[in-house]
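**Student:** got a predicted structure plus its sequence, pasted below:
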Amino acid sequence: MAKINGNEIRPGNIIEHDGGLWLAVKCDHVKPGKGGAFAQVELRNLRTGTKLNERFRSVDKVESVKLDTKDQQFLYETDGKLVFMDTETYEQIELPGDILGERRPFLQDGMKVVMEFYEDEALSARLPPKVTCKIVETEPVVKGQTAANSFKPALLDNGLRVMVPPFIGNDELIVVNTESMEYSERA
(Lines give C-alpha, C1' and ligand atoms only; values in the text may rest on other atoms or scores of the structure.)
Protein backbone atom coordinates (compact mmCIF):
# COMPACT_ATOMS: atom_id res chain seq x y z
CA MET A 1 0.00 0.00 0.00
CA ALA A 2 1.19 3.49 -0.78
CA LYS A 3 0.88 6.52 1.45
CA ILE A 4 -0.62 9.65 -0.10
CA ASN A 5 -1.13 13.16 1.24
CA GLY A 6 -4.59 14.12 2.46
CA ASN A 7 -5.03 16.68 -0.34
CA GLU A 8 -4.39 13.99 -3.02
CA ILE A 9 -7.58 12.06 -2.22
CA ARG A 10 -9.96 11.99 -5.20
CA PRO A 11 -13.46 10.52 -5.65
CA GLY A 12 -13.16 6.79 -6.34
CA ASN A 13 -9.98 6.38 -4.25
CA ILE A 14 -10.02 3.66 -1.61
CA ILE A 15 -8.16 4.45 1.60
CA GLU A 16 -7.49 2.72 4.90
CA HIS A 17 -8.67 5.00 7.73
CA ASP A 18 -9.56 4.29 11.37
CA GLY A 19 -9.10 0.55 10.87
CA GLY A 20 -11.54 0.30 7.96
CA LEU A 21 -11.59 0.45 4.17
CA TRP A 22 -13.29 3.57 2.86
CA LEU A 23 -14.30 4.70 -0.63
CA ALA A 24 -14.01 8.45 -1.29
CA VAL A 25 -17.43 9.42 -2.65
CA LYS A 26 -17.08 13.19 -2.79
CA CYS A 27 -14.11 15.48 -2.24
CA ASP A 28 -14.08 19.27 -1.81
CA HIS A 29 -10.87 21.24 -1.43
CA VAL A 30 -11.39 24.16 0.95
CA LYS A 31 -9.14 27.17 1.47
CA PRO A 32 -10.54 29.12 4.41
CA GLY A 33 -9.59 32.75 4.94
CA LYS A 34 -7.83 31.87 8.15
CA GLY A 35 -5.79 28.67 8.66
CA GLY A 36 -4.50 26.04 6.29
CA ALA A 37 -6.25 24.43 3.35
CA PHE A 38 -7.87 21.02 3.73
CA ALA A 39 -9.84 18.44 1.80
CA GLN A 40 -13.39 17.76 3.03
CA VAL A 41 -13.97 14.14 2.00
CA GLU A 42 -17.20 12.13 2.15
CA LEU A 43 -16.29 8.47 2.74
CA ARG A 44 -18.35 5.25 2.54
CA ASN A 45 -17.22 2.14 4.40
CA LEU A 46 -16.83 -0.76 1.96
CA ARG A 47 -17.69 -3.38 4.59
CA THR A 48 -20.61 -1.81 6.45
CA GLY A 49 -21.86 0.89 4.07
CA THR A 50 -21.77 3.62 6.73
CA LYS A 51 -20.85 7.15 5.67
CA LEU A 52 -18.36 9.53 7.25
CA ASN A 53 -17.28 13.12 6.56
CA GLU A 54 -13.62 13.69 7.34
CA ARG A 55 -11.15 16.56 6.94
CA PHE A 56 -7.66 15.84 5.69
CA ARG A 57 -4.90 18.44 5.66
CA SER A 58 -2.05 18.23 3.15
CA VAL A 59 0.35 17.06 5.87
CA ASP A 60 -1.92 14.13 6.84
CA LYS A 61 -0.79 10.80 5.38
CA VAL A 62 -3.33 8.11 4.49
CA GLU A 63 -2.88 4.59 3.09
CA SER A 64 -4.13 4.23 -0.49
CA VAL A 65 -5.50 0.74 -1.13
CA LYS A 66 -5.61 -1.04 -4.49
CA LEU A 67 -8.30 -3.69 -4.85
CA ASP A 68 -7.78 -6.82 -6.93
CA THR A 69 -10.47 -7.63 -9.49
CA LYS A 70 -11.43 -11.11 -10.62
CA ASP A 71 -14.02 -12.36 -13.07
CA GLN A 72 -16.57 -14.57 -11.36
CA GLN A 73 -19.53 -16.54 -12.70
CA PHE A 74 -22.79 -16.74 -10.75
CA LEU A 75 -23.80 -20.37 -10.18
CA TYR A 76 -26.75 -20.49 -7.77
CA GLU A 77 -28.30 -19.17 -4.55
CA THR A 78 -28.61 -21.20 -1.37
CA ASP A 79 -29.88 -20.10 2.07
CA GLY A 80 -29.61 -16.39 1.19
CA LYS A 81 -26.02 -16.80 0.00
CA LEU A 82 -24.85 -16.34 -3.58
CA VAL A 83 -22.36 -18.88 -4.93
CA PHE A 84 -19.81 -17.64 -7.47
CA MET A 85 -17.04 -19.48 -9.30
CA ASP A 86 -13.68 -18.02 -10.30
CA THR A 87 -13.48 -18.35 -14.09
CA GLU A 88 -9.73 -19.10 -14.01
CA THR A 89 -9.22 -21.36 -10.99
CA TYR A 90 -12.77 -22.79 -10.74
CA GLU A 91 -12.79 -22.10 -6.97
CA GLN A 92 -16.24 -21.40 -5.54
CA ILE A 93 -17.03 -18.74 -2.95
CA GLU A 94 -20.21 -17.95 -1.05
CA LEU A 95 -21.12 -14.32 -0.50
CA PRO A 96 -24.06 -12.67 1.27
CA GLY A 97 -27.05 -11.94 -0.96
CA ASP A 98 -26.88 -8.21 -0.24
CA ILE A 99 -23.44 -7.74 -1.83
CA LEU A 100 -25.18 -6.45 -4.99
CA GLY A 101 -27.57 -4.15 -3.12
CA GLU A 102 -30.58 -2.95 -5.12
CA ARG A 103 -29.17 -4.44 -8.33
CA ARG A 104 -29.64 -8.00 -7.01
CA PRO A 105 -32.73 -8.75 -9.19
CA PHE A 106 -30.62 -8.30 -12.36
CA LEU A 107 -28.37 -11.24 -11.43
CA GLN A 108 -29.07 -14.18 -13.76
CA ASP A 109 -27.82 -17.79 -13.81
CA GLY A 110 -24.40 -18.08 -15.42
CA MET A 111 -23.87 -14.29 -15.49
CA LYS A 112 -20.29 -13.05 -15.33
CA VAL A 113 -19.61 -10.37 -12.71
CA VAL A 114 -16.45 -8.52 -11.68
CA MET A 115 -15.57 -8.98 -7.99
CA GLU A 116 -13.32 -6.59 -6.10
CA PHE A 117 -11.14 -8.23 -3.45
CA TYR A 118 -9.01 -6.84 -0.65
CA GLU A 119 -6.55 -9.62 0.20
CA ASP A 120 -8.97 -12.61 0.25
CA GLU A 121 -12.10 -10.68 1.23
CA ALA A 122 -14.73 -9.90 -1.44
CA LEU A 123 -15.93 -6.33 -0.96
CA SER A 124 -18.13 -5.63 -3.97
CA ALA A 125 -19.48 -7.03 -7.21
CA ARG A 126 -20.16 -5.22 -10.48
CA LEU A 127 -22.80 -6.52 -12.86
CA PRO A 128 -22.50 -6.07 -16.63
CA PRO A 129 -23.61 -2.54 -17.63
CA LYS A 130 -26.64 -3.85 -19.59
CA VAL A 131 -28.91 -6.86 -19.02
CA THR A 132 -31.68 -8.31 -21.20
CA CYS A 133 -35.03 -8.75 -19.42
CA LYS A 134 -38.51 -9.82 -20.50
CA ILE A 135 -41.62 -7.67 -20.05
CA VAL A 136 -44.22 -9.60 -18.04
CA GLU A 137 -46.93 -6.98 -17.78
CA THR A 138 -47.53 -3.54 -19.29
CA GLU A 139 -50.33 -1.48 -20.75
CA PRO A 140 -51.32 -2.41 -24.32
CA VAL A 141 -49.75 -0.66 -27.31
CA VAL A 142 -51.81 2.34 -28.41
CA LYS A 143 -51.79 2.98 -32.17
CA GLY A 144 -50.91 6.51 -33.18
CA GLN A 145 -49.24 7.36 -29.89
CA THR A 146 -45.82 8.88 -30.45
CA ALA A 147 -42.74 7.94 -28.49
CA ALA A 148 -41.79 11.54 -27.76
CA ASN A 149 -41.18 11.84 -24.01
CA SER A 150 -44.02 9.53 -23.00
CA PHE A 151 -43.35 6.39 -21.00
CA LYS A 152 -45.52 3.77 -19.34
CA PRO A 153 -44.78 1.43 -16.41
CA ALA A 154 -43.78 -2.17 -17.11
CA LEU A 155 -43.15 -5.17 -14.84
CA LEU A 156 -40.06 -7.23 -15.68
CA ASP A 157 -39.57 -10.98 -15.25
CA ASN A 158 -37.25 -10.27 -12.27
CA GLY A 159 -39.97 -8.36 -10.38
CA LEU A 160 -38.67 -4.83 -10.99
CA ARG A 161 -40.73 -2.02 -12.50
CA VAL A 162 -39.25 0.25 -15.16
CA MET A 163 -40.64 2.93 -17.43
CA VAL A 164 -40.72 1.93 -21.11
CA PRO A 165 -41.77 3.69 -24.35
CA PRO A 166 -45.39 3.21 -25.42
CA PHE A 167 -44.53 0.92 -28.38
CA ILE A 168 -43.19 -1.83 -26.06
CA GLY A 169 -45.68 -4.63 -25.40
CA ASN A 170 -46.01 -7.75 -23.24
CA ASP A 171 -43.53 -10.63 -23.68
CA GLU A 172 -40.95 -8.41 -25.44
CA LEU A 173 -37.26 -8.49 -24.57
CA ILE A 174 -35.67 -5.19 -23.60
CA VAL A 175 -32.19 -4.12 -22.52
CA VAL A 176 -32.00 -2.45 -19.09
CA ASN A 177 -29.09 -0.34 -17.85
CA THR A 178 -28.00 -1.85 -14.49
CA GLU A 179 -26.44 1.42 -13.24
CA SER A 180 -29.45 3.70 -13.72
CA MET A 181 -32.00 0.82 -13.62
CA GLU A 182 -33.75 2.31 -16.68
CA TYR A 183 -34.89 1.11 -20.10
CA SER A 184 -32.10 1.32 -22.67
CA GLU A 185 -33.32 -0.30 -25.91
CA ARG A 186 -35.16 -3.22 -27.47
CA ALA A 187 -33.25 -6.50 -27.43
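**Tutor:** Now that the structure is in, tell me what you want to look at. Bear in mind that the values here come from a model prediction, so they are computed numbers and not experimental data. Numbering: from 1, shown residues only.

**Student:** CA only for contacts and neighbour counts going forward, please
**Tutor:** OK.

**Student:** quick one: the closest residue to residue 5 other than its chain neighbours from residue 9, how far?
**Tutor:** Nearest non-adjacent residue to residue 5, counting by C-alpha to C-alpha, 6 or more residues apart in numbering: residue 61, 4.8 Å away. Distance of residue 61 to residue 9, given as C-alpha to C-alpha, to the nearest Å: 10 Å.

**Student:** OK, contacts around residue 118?
**Tutor:** Applying C-alpha atoms under 8 Å, 6 or more residues apart in numbering, we find residue 118 in contact with 66-68.

**Student:** and it, its phi and psi?
**Tutor:** Dihedral pair for residue 118: phi -120, psi 110, per degrees, to the nearest 10.

**Student:** quick one: pLDDT of it?
**Tutor:** In this model, residue 118 is scored at 88, pLDDT.

**Student:** please apply the same query to residue 52.
**Tutor:** Looking at residue 52, its pLDDT reads 92.

**Student:** now the element after the helix or strand containing it, going C-ward?
**Tutor:** Using DSSP states H and E, residue 52 falls within strand 51-57. Past strand 51-57, further along toward the C-terminus, the next helix or strand under DSSP H and E is strand 61-64.

**Student:** in the helix or strand just after that next one, what's buried?
**Tutor:** Per DSSP H and E, the first helix or strand lying C-terminal to strand 61-64 is strand 68-78. Judged by neighbour count (16 or more other C-alpha atoms under 10 Å), strand 68-78 contains these buried residues: 70-74.

**Student:** domain ranges for this protein?
**Tutor:** Using automatic domain parsing, the domain parsing of the chain gives 2-64, 68-126, 130-186.

**Student:** list the buried residues in the helix or strand of the chain with the lowest mean pLDDT.
**Tutor:** Every helix and strand in the chain was compared by mean pLDDT, DSSP states H and E; the lowest is strand 121-126, with a mean of 85. Using 16+ other C-alpha under 10 Å as the test for burial, strand 121-126 gives 122-126.
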